[in-house]
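# how would this look folded up:
(one chain, ligands or ions: 1)
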Amino acid sequence: MGDIARQAPEKDTGEDIYQYLLERITNLENRNLELREQFRQMESEKRYVETQKIRYERELRKLKSEIEQLRSPPLVIGTVTDVIDNSRVIVRSSAGPRFLVRTSQLIDPDLLKPGVRCTLNQQSLAIVDVLPTSYDAQIYGMELVESPEETYENIGGLEPQIEEIREAVELPLTKPQLFEKVGISPPKGVLLYGPPGTGKTLLARAVAHQTNAHFLRVVGSELVQKYIGEGARLVRELFDLAKQKAPSIIFIDEIDAIGAHRNDSTTSGDREVQRTLMQLLAEMDGFDNRGDVKIVAATNRIDILDRALLRPGRFDRMIEIPLPDHQGRLAILKIHTQHMNIGEDVNLSEVSRLTEGKNGADLRAICMEAGMFAIRMERDAVNSDDFMKAIDKLSVDFDRHHFHTTFGEMFA
Ligand SMILES: Nc1ncnc2c1ncn2[C@@H]1O[C@H](COP(=O)(O)OP(=O)(O)OP(=O)(O)O)[C@@H](O)[C@H]1O
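Residues are numbered from 1 along each chain as shown. So this is what the prediction gives:
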């Protein structure tokens, strides 16, 4: 600035004025260049802030819809006992009492006949939906797969655990005569326990694949939270369906949601959980362990499980699925990169060394993210740098998620 504002020379010979103007023009040009550069930088900062804004808006929308979902009350199941007119019917709720309820205009009045099952809003008790009369596993969030595609080769590490589950679940299904000859009963239920994302579901699916069995998966928390008063009935239907589809493997994920130890069941939610657990124990007790239905359950919280579940004849075989060690992580990384175009500079052993404490699900995410970095750079092979960036990104995401969870819990 000082240069530009310099005073004109006192001696105003033509030569001096010419020099002065030339200098001034050069200074102004330099200044112009500087300002242009600053402008370019600010433009790019603006673009960066705009993309950040879009990202945060997207995240906000996602979190809002999650909150919305969490806030929407669970539905009560009922059976229509009487139809008064097009807008009013009498419904017996699954918890027992009968109500005169209104139906929404969205529901075809022809569908509402005595005996039809429907869902009711927990607060207003208005009919929200009509359930199909035929048994439909999917409405209860059950997953039924004829024979899953996962095999033991898709599991990295966990060799001793694979061996154990093969003995406890696969052998009794494929060679029951071995147990008869020796005169011992195979285990009834197998409990897989360990931190999340370590391959418990994967292992159960692989056993079902190996034995050509149907795979029936339910999530403990959904059994008791999705349809109030239905938990025990769902457990009964789950076992009926498993017998009907035998050979089959029932997989109960998050069993701690129904099998947590509690001292007093005072709230109605607790009683619901208790009823569901009692039904599960009853089904397991009335079950022939030489049959061709096997039960596998999984939990991240073995410490809170009710001891009743772990008694002989119930989940009496427990298999720990720990976080992978260096060799385990390397094996998992090899599985998840086997179809990727990996550059020669990638050292998976190094990636494994840098991902201590990560689980199988994280490692899969790192491989995918590394692939995304290569795509963004329009390369067709993934290089070492992509993996390093993916590890950094996943660690940041993990910390952010952890922060949100802890922060959320503080205000819950
Ligand atoms: N040991 C492993 N080998 C290969 N892939 C794995 C392994 N563990 C986890 N994964 C990957 O992570 C995904 C999630 O793992 P999975 O659902 O089996 O974990 P989980 O232990 O059942 O977790 P949760 O307790 O959260 O239900 C799998 O589909 C798989 O792609």
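
# Quick one: neighbours of residue 92, just the number.
Neighbour count of residue 92, defined by other CB atoms under 10 Å: 14. In this view, the C-beta of every residue, glycine as well, is placed from N, C-alpha and C.

# What residues does the closest residue in space to it that isn't next to it in sequence make contact with?
Excluding the flanking residues, the one nearest residue 92 by CB to CB, 6 or more residues apart in numbering is residue 98, at 4.8 Å. With contact set as CB atoms under 8 Å, 6 or more residues apart in numbering, residue 98 has these partners: 81, 90-92.

# closest to residue 16 among those?
residue 91 (102.0 Å; CB to CB).

# pLDDT score for residue 9?
What the model reports as pLDDT for residue 9 is 56.

# do residue 243 as well
Listed pLDDT for residue 243 reads 87.

# Helix, strand or coil: sort out it for me.
helix (DSSP: H, G, I helix; E, B strand; the rest coil).

# Tell me, how many residues neighbour it?
14.

# Name the nearest residue to it, ignoring sequence neighbours.
Excluding the flanking residues, the one nearest residue 243 by CB to CB, 6+ apart is residue 293, at 5.9 Å.

# top strand in this protein by residue count?
strand 75-85 (DSSP state E).

# Each with direction, which strands does that strand pair with?
Strand 75-85 pairs in its sheet with strand 88-93 (antiparallel), strand 117-121 (antiparallel), strand 227-228 (parallel), by DSSP bridges.

# Distance of residue 34 relative to the ligand?
Distance, residue 34 to the ligand, by CB to the nearest ligand atom, to the nearest Å: 53 Å.

# let me fix that: residue 80
37 Å.

# so what's the residue lying closest to that residue once chain neighbours are set aside up against?
Spatial nearest neighbour of residue 80, excluding adjacent residues (CB to CB, 6+ apart): residue 116 at 4.8 Å. Contacts here follow CB under 8 Å, 6+ apart; on that basis residue 116 touches 79-80, 130-131, 133.

# Just the buried residues of the residues you listed.
79-80, 130-131 (16 or more other CB atoms under 10 Å).

# Quick check: phi and psi at the residue nearest to residue 80.
Backbone torsions of residue 116, given as degrees, to the nearest 10, read phi -80, psi 140.

# Please report phi then psi for the residue of the stretch 1-150 of the chain found nearest the ligand.
Closest residue of the stretch 1-150 of the chain to the ligand, CB to the nearest ligand atom: residue 150 (7.8 Å). Dihedral angles of residue 150 (phi, psi; degrees, to the nearest 10) stand at phi -70, psi 140.

# Count the residues that sit near it.
Residue 150 has 20 nearby residues by other CB under 10 Å.

# cool, and residue 26?
11.

# that's a helix at it, yeah?
Yes - using three-state DSSP, the assignment for residue 26 is a helix.

# Write out the residues of the stretch 251-400 of the chain neighbouring the ligand.
Counting by CB under 6 Å from any ligand atom, the residues of the stretch 251-400 of the chain close to the ligand are 253, 298, 300, 332, 335, 360-361, 364.

# Only whichever of these are buried, select them in PyMOL.
PyMOL command restricting those to the buried ones, with burial defined by 16+ other CB under 10 Å:
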select buried, resi 253+298+300+332+335+360+364
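
# Closest to the ligand out of the residues of the stretch 251-400 of the chain next to the ligand?
So of those, ranked by how close each gets to the ligand (CB to the nearest ligand atom), first place is residue 360, at 2.1 Å.

# residues contacting that closest one?
So residue 360 contacts 156, 197-199, 202, 324, 332 (CB under 8 Å, 6+ apart).

# quick one: pLDDT of it?
95.

# follow-up on the earlier one: mind listing what's buried along the longest strand of the chain?
Those would be 75-80, for strand 75-85 by 16+ other CB under 10 Å.

# Any chance of a markdown table for those residues, columns pLDDT and distance to residue 15?
Shown next, in a markdown table, are the buried residues of strand 75-85 (pLDDT from 0 to 100; distance: CB to CB, whole Å):
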| residue | pLDDT | distance to residue 15 |
| --- | --- | --- |
| 75 | 79 | 94 |
| 76 | 82 | 98 |
| 77 | 81 | 100 |
| 78 | 82 | 103 |
| 79 | 82 | 107 |
| 80 | 85 | 106 |
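
# Out of the residues you listed, which two sit at the greatest distance?
Maximum distance among the buried residues of strand 75-85 (CB to CB): 15.0 Å, for 75 and 80.

# list the contacts for whatever residue of the stretch 101-250 of the chain ends up closest to the ligand?
Closest to the ligand within the stretch 101-250 of the chain is residue 199: 3.0 Å, counting by CB to the nearest ligand atom. Residues in contact with residue 199 (CB under 8 Å, 6+ apart) are 155-156, 158, 321, 360.

# Inside helices: which ones of these?
residue 360 (DSSP state H).

# would you list every one of the strands in the protein?
75-85, 88-93, 98-102, 117-121, 127-130, 143-145, 189-193, 214-219, 227-228, 248-253, 293-299, 317-320.

# what residues does stretch 75-92 touch?
Outside stretch 75-92, the residues touching it (CB under 8 Å, 6+ apart) are 93-95, 98-103, 109, 112-122, 125, 127-129, 131, 226-230.
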